[in-house]
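Colleague: For reference, the sequence and a predicted model appear below.
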Protein chains: 2
Amino acid sequence: MTAADPSLLSNPRSDRVRQVAALGRRAAREKQGRFLVEGPQSVRELLSHAVTAAEVLYLTRAAADRHNAVLDAAAHAGVVVHECTEQVLTAMADTEHPQGMVAVARQVDVPLEQALDALGQSGFAVVLTHVRDPGNAGTVIRGADAFGASAVLLSDASVDLYNPKVVRATAGSLFHLPICVGTPAAQLLAACSARGIRLLAADGDGTTLLPEADLSGPHAWVMGNEAWGLQPEILAGCDEVVAIPIERAESLNLAMAATVCLHESGRLRQA
Amino acid sequence: MTAADPSLLSNPRSDRVRQVAALGRRAAREKQGRFLVEGPQSVRELLSHAVTAAEVLYLTRAAADRHNAVLDAAAHAGVVVHECTEQVLTAMADTEHPQGMVAVARQVDVPLEQALDALGQSGFAVVLTHVRDPGNAGTVIRGADAFGASAVLLSDASVDLYNPKVVRATAGSLFHLPICVGTPAAQLLAACSARGIRLLAADGDGTTLLPEADLSGPHAWVMGNEAWGLQPEILAGCDEVVAIPIERAESLNLAMAATVCLHESGRLRQA
């Protein structure tokens, strides 16, 4: 623990612990402009891919002994490290099992124009409108990252990117590609169209089947709410409504549909 | 409520209610050879695709008024219908919001040989070994159904197919295609091999990339545990270890990987 503060944090009711724990709530995250990064995997990705956003790392003695590389990376980057008791860590974390480690980071989203710049001449993105389930949003971000999307655009009516459950579900992917948050869906679509980014609504009732969709140029997959799909005005703002050909099931869930669409875009780019 | 029992079930502590509620536990399901089908969507799929397995339908007055078609289908099929109070329904159901309807059905899995027969000369299947999360298992079954798989083989060390959370996550797909349960993984693989069904292990460390995998003949995707993947002895029993090409993310989660693999098999069959 070379980089650790010599004073062990042991009071789970201290002001500092309360301030960190408050980041479990959206209002506090917005006010502080910060969020929680929990568990060794996410912290490792933070330090590897967005180290300038990392501010403080809290960890137990056991976690410090177990994850030397994380501690070294934090020390190397000048991140403040505090050793704390198991009780303090539990009080700070949103997760039931943060595996002995919680970091506080500045929010990493980028302005819309910067996210769109990342698409260049042939990139693709995913637009999430009214996606409410943290696990779904995180899984889609993970898929966008895995299949080589250039950016993720999360509309203002969607789940908060910095919700600890979203952060966890991205498995670190939120540190890998530009993500824009807080813009109304209509404005996201208009900005894409203005740049010649083709808007493909993913919808089981679409008239274009996925194998026939034109994915050659810059494009964005537009995904709707888990239960009620895409709103009519969103559908109307898209260039094409695309359905994944299915044989029998009622429909695919949001994460499955996004996985298939993003994989298809990535597959054609690699081919 | 033409087909309803005239006597309203109103005692949530009655023997009947206890017996139905017991189906939330695996031991009781195995002893009774029955399981719970909760909510209008799942009940509708049960009555449409596996009506001979349906035994009793319990529903509230409000649900009966709201879902006439379900009630008609039950009456037409000779399924016993009991009206019950909201409290009785809540006591019976595993779900927090069963939407006023719970059916008791006989278990619908089929013998291994029957599941394998369904593959014929060009079908494909998915083998789940040690998959423990109900949501993942249900999602994979839903994907297998959507993309036209012929069968699902669930090893004995996996989550119980009749766990209410699995049933719910399949969104009715468990009534659409033959599913075999309870056989050890090694035996499942041997039975596939004996029939010339090519075994493709899905694994991020695979040496064959998905676009190069031979999916022309009958084949089965073999998926491992959420956390630790496929066991060495399972990998050794497969013909090929296939990786999905990914750009950046650490790895895909189980449901995403299965979705991509099953979609690819379905896509090539349709092309």
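Modeller: Nice, thanks for sending it over. As the structure is a computational prediction, the values presented were derived from the model and not from experiment. Numbers count the residues shown, from 1 in each chain, chains lettered A, B, ... in the order given.
Colleague: Could you give the separation of the longest helix belonging to chain A from the chain centroid?
Modeller: Counting by DSSP state H, the longest helix found in chain A is helix A:254-270. Relative to its parent chain, helix A:254-270 has a centroid offset of 17 Å by CA atoms, centre = their mean, to the nearest Å.
Colleague: same check, this time on stretch A:195-205
Modeller: 21 Å.
Colleague: Flag every buried residue along it.
Modeller: Of all the residues in stretch A:195-205, those buried under the rule 16 or more other CB atoms under 10 Å in any protein chain shown are A:197, A:198, A:199, A:200, A:201, A:202, A:203. For every residue, glycine as well, the C-beta is placed using N, CA and C.
Colleague: For the fourth one, what are phi and psi?
Modeller: Note on residue A:200: backbone dihedrals following degrees, to the nearest 10 are phi -110, psi 110.
Colleague: For it, give me the pLDDT.
Modeller: Per-residue pLDDT puts residue A:200 at 98.
Colleague: Show me what from the stretch 151-271 of chain A comes close to chain B.
Modeller: Contact residues, the stretch 151-271 of chain A versus chain B (CB under 8 Å from any CB of the partner chain): A:171-173, A:176-177, A:211, A:244-253, A:255-256, A:259-260, A:263, A:266-267, A:270-271.
Colleague: now do 10 Å
Modeller: A:169-173, A:176-177, A:209-211, A:244-253, A:255-260, A:262-264, A:266-267, A:269-271 (CB under 10 Å from any CB of the partner chain).
Colleague: Could I have the PyMOL command that selects the buried members from those?
Modeller: The following PyMOL line selects those of these that are buried, judged by 16+ other CB under 10 Å:
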select buried, chain A and resi 169+170+171+172+173+176+177+210+244+245+246+248+249+250+251+252+253+255+256+257+258+259+260+262+263+264+266+267+269
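Colleague: Stretch A:68-80 vs chain B: in contact?
Modeller: No. Figure legend: stretch A:68-80 not in contact with chain B (CB under 10 Å from any CB); closest approach 14.9 Å.
Colleague: which parts of that stretch are buried?
Modeller: So, applying 16+ other CB under 10 Å, buried residues of stretch A:68-80: A:70, A:71, A:73, A:74, A:75, A:79.
Colleague: thinking the fourth one is in contact with residue A:47, fair?
Modeller: If I follow you right, that is residue A:74. Yes. If you go by CB atoms under 10 Å, residue A:74 and residue A:47 touch, sitting 6.1 Å apart.
Colleague: overlap in contacts of those two?
Modeller: A:54, A:57, A:103 (CB atoms under 10 Å, 6 or more residues apart in numbering or on different chains).
Colleague: Most neighbours among the residues you listed, which one is it?
Modeller: residue A:57 (29 neighbours; other CB atoms under 10 Å in any protein chain shown).
Colleague: Please report the distance of it from chain B.
Modeller: For residue A:57, the distance to chain B equals 20 Å [CB to the nearest CB, to the nearest Å].
Colleague: Look at that residue and tell me its secondary structure.
Modeller: strand (DSSP: H, G, I helix; E, B strand; the rest coil).
Colleague: Next: the one 5 residues further on.
Modeller: Of the three states, residue A:62 takes helix under three-state DSSP.
Colleague: thinking it is in contact with residue A:40, fair?
Modeller: No. Residue A:62 sits out of contact with residue A:40 when judged by CB under 10 Å, with a separation of 11.6 Å.
Colleague: Could you tell me which residues touch both of these two?
Modeller: What both residue A:62 and residue A:40 touch, as defined by CB under 10 Å, 6+ apart, is the set A:99, A:100, A:101.
Colleague: Show me the buried residues of stretch A:195-205 that map onto strands.
Modeller: Judged by DSSP state E, the buried residues of stretch A:195-205 include A:198, A:199, A:200, A:201, A:202 as members of strands.
Colleague: How about the second one: which residues does it bridge to?
Modeller: What that stands for is residue A:199. For residue A:199, the beta-bridge partners are residue A:220 (DSSP bridges).
Colleague: Next up, the contacts around it.
Modeller: By CB under 10 Å, 6+ apart, the residues touching residue A:199 are A:125, A:127, A:188-190, A:192-193, A:219-222, A:234-235, A:237-241.
Colleague: Give me the buried subset of those residues.
Modeller: A:125, A:127, A:188-189, A:192, A:219-222, A:234-235, A:237-241.
Colleague: so where do the helices sit in chain A?
Modeller: So, for chain A - with DSSP H - the helices run A:15-21, A:26-32, A:40-49, A:61-66, A:68-76, A:86-92, A:112-117, A:134-146, A:164-169, A:185-194, A:232-236, A:254-270.
Colleague: Just send these back as JSON lines, with mean pLDDT and distance to residue B:89 too.
Modeller: What follows is the helices of chain A, written out as JSON lines (pLDDT from 0 to 100; distance: least, CB to CB, whole Å):
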{"stretch": "helix A:15-21", "mean pLDDT": "96", "distance to residue B:89": "38"}
{"stretch": "helix A:26-32", "mean pLDDT": "96", "distance to residue B:89": "35"}
{"stretch": "helix A:40-49", "mean pLDDT": "95", "distance to residue B:89": "41"}
{"stretch": "helix A:61-66", "mean pLDDT": "95", "distance to residue B:89": "46"}
{"stretch": "helix A:68-76", "mean pLDDT": "93", "distance to residue B:89": "49"}
{"stretch": "helix A:86-92", "mean pLDDT": "95", "distance to residue B:89": "37"}
{"stretch": "helix A:112-117", "mean pLDDT": "97", "distance to residue B:89": "47"}
{"stretch": "helix A:134-146", "mean pLDDT": "96", "distance to residue B:89": "27"}
{"stretch": "helix A:164-169", "mean pLDDT": "95", "distance to residue B:89": "30"}
{"stretch": "helix A:185-194", "mean pLDDT": "97", "distance to residue B:89": "38"}
{"stretch": "helix A:232-236", "mean pLDDT": "95", "distance to residue B:89": "35"}
{"stretch": "helix A:254-270", "mean pLDDT": "95", "distance to residue B:89": "28"}
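Colleague: how about low-confidence regions in the stretch 101-250 of chain A?
Modeller: A:249 (pLDDT under 70).
Colleague: try it again with 80
Modeller: A:248-250 (pLDDT under 80).
Colleague: ok, the residue nearest to the spatial centre of chain A - contacts?
Modeller: In chain A, the centroid-proximal residue (CA atoms, centre = their mean) is residue A:174; its distance is 3.9 Å. When contacts are counted by CB under 10 Å, 6+ apart, residue A:174 touches A:35, A:37, A:42, A:45-46, A:49-50, A:108-109, A:137-138, A:141-142, A:145, A:152, A:161-162, A:166-167.
Colleague: from the chain's centre, how far out does stretch A:189-200 sit?
Modeller: 21 Å.
Colleague: Distance across it, terminal residue to terminal residue?
Modeller: 10 Å (CA to CA, to the nearest Å).
Colleague: Over to stretch A:194-213?
Modeller: With CA to CA as the measure, the ends of stretch A:194-213 fall 20 Å from one another.
Colleague: what does the stretch 1-150 of chain A put close to chain B?
Modeller: Within the stretch 1-150 of chain A, the positions lying close to chain B (CB under 10 Å from any CB) are A:41, A:44-45, A:49, A:135, A:138-149.
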